[in-house]
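Undergrad: sequence unknown, structure follows:
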């Protein structure tokens, strides 16, 4: 039997790792990966709490996955548009050369 | 037996997420992200959420990772140096992540959640589908509209036409 807290510990550490990736990276695709990791960490919590016949947590996790898919599609489209305009996806440089 | 699987997959998920944090090569990071998602899928299965696990494999590994790798290949000249991205804000990021992790772990340790119940019901997918189309039909339809909007928006933003109009 697995204590539920251990799911929460793994999810908390995964969330912190995703946050560290978002803060320390300047490549836009790396930042997007960090955001996906954070969403996944939240999903672990939702799934873990919906044990024993309750399904609300799983439904929430499904909707989070849907929103994550939409976010990834639009985010990568924006990254492609930024790359086409600025020829780089380094977020600091993109910030510097905006008019 | 289940416990060993849980700690193995949990540890693997954390290790591969840490690899993403420390690697400099973006394609290596994308493949480590595949491993992380697979290990999280295993955690879902151990938490008796088979449908969410299959959805995770189909959408994250089949969709989002493919999109990310497409993005890497379309935005980088595949010639070594541009694939690598160094880290900035190392101290701030590390302190922020450590602080958040310890705060969350402290909060979790103060909770008393009990053990995971091992009762997995065989008609869980049926019940999920029924509640998606009865109690949760409004979020279900809103999610459908959101996906349609994201599809059209991504196609419009990524197309060349936008740039030509601006010039």
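TA: Everything's here; your move. Worth saying up front: this structure is predicted, and the values here are computed from it rather than measured. Numbering: from 1, shown residues only, chains lettered A, B, ... in the order given.
Undergrad: Pop the domain breakdown of chain B in here.
TA: Following automatic domain parsing, chain B resolves into domains at B:1-79+B:87-120, B:124-167.
Undergrad: got those domains as TSV, with mean neighbour count, distance to residue A:3 and mean pLDDT columns?
TA: Yep, even glycine has a C-beta here, placed from its N, CA and C like the rest. Converted to TSV, the domains of chain B look like this (neighbours: other Cβ atoms under 10 Å in any protein chain shown; distance: least, Cβ to Cβ, whole Å; pLDDT from 0 to 100):
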stretch	mean neighbour count	distance to residue A:3	mean pLDDT
domain B:1-79+B:87-120	17	6	86
domain B:124-167	13	22	85
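Undergrad: Reformat those domains as a markdown table; add distance to chain A.
TA: A markdown table is the format used below for the domains of chain B (distance: least, Cβ to the nearest Cβ, whole Å):
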| stretch | distance to chain A |
| --- | --- |
| domain B:1-79+B:87-120 | 4 |
| domain B:124-167 | 4 |
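Undergrad: what's the closest of these to residue A:66?
TA: domain B:124-167 (4.6 Å; Cβ to Cβ).
Undergrad: Now do the closest one: distance to the chain's middle.
TA: Relative to the chain's own centre, domain B:124-167 is displaced by 18 Å; criterion: Cα atoms, centre = their mean, to the nearest Å.
Undergrad: Out of the domains of chain B, which is closest to residue A:36?
TA: Short answer: domain B:1-79+B:87-120, nearest of the domains of chain B by Cβ to Cβ, at 6.3 Å.
Undergrad: now the strands: where do they sit in chain B?
TA: Along chain B, no stretch is classed among the strands by DSSP state E.
Undergrad: any idea where the helices of chain B begin and end?
TA: In chain B, the segments counted as helices under DSSP state H are B:2-22, B:26-46, B:50-56, B:65-75, B:90-110, B:124-133, B:137-158, B:161-166.
Undergrad: Tabulate the ones you listed (a markdown table), appending distance to residue A:35.
TA: Shown next, in a markdown table, are the helices of chain B (distance: least, Cβ to Cβ, whole Å):
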| stretch | distance to residue A:35 |
| --- | --- |
| helix B:2-22 | 12 |
| helix B:26-46 | 11 |
| helix B:50-56 | 16 |
| helix B:65-75 | 11 |
| helix B:90-110 | 14 |
| helix B:124-133 | 26 |
| helix B:137-158 | 15 |
| helix B:161-166 | 24 |
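Undergrad: returning to that earlier point: using CSV, lay out the domains of chain B together with distance to residue A:48.
TA: Shown next, in CSV, are those (distance: least, Cβ to Cβ, whole Å):
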stretch, distance to residue A:48
domain B:1-79+B:87-120, 5
domain B:124-167, 15
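Undergrad: where in chain A is pLDDT low?
TA: The model of chain A has pLDDT under 70 over residues A:52-53, A:96-99.
Undergrad: show me the biggest helix of it in terms of residues.
TA: helix A:56-86.
Undergrad: State the next helix or strand along the chain beyond that helix.
TA: helix A:91-96 (DSSP states H and E).
Undergrad: name the helices or strands packed onto that following helix?
TA: Where contact means 3 or more Cβ pairs under 8 Å, 6 or more residues apart in numbering or on different chains; DSSP states H and E, helix A:91-96 is packed against helix A:28-49, helix A:56-86.
Undergrad: right, so these: which one is the most enclosed?
TA: Mean neighbour count (mean count of other Cβ atoms under 10 Å in any protein chain shown) peaks for helix A:28-49 among the helices and strands packed on helix A:91-96, with a mean of 23.
Undergrad: Could you check the angle that one makes with helix A:56-86?
TA: 180 degrees (axes from the mean of the first three to the mean of the last three Cα atoms, to 10 degrees).
Undergrad: Check whether helix A:28-49 comes near chain B.
TA: Yes. For helix A:28-49, a contact with chain B is found by Cβ under 8 Å from any Cβ of the partner chain, at A:29, A:30, A:32, A:33, A:34, A:36, A:37, A:40, A:43, A:44, A:47, A:48.
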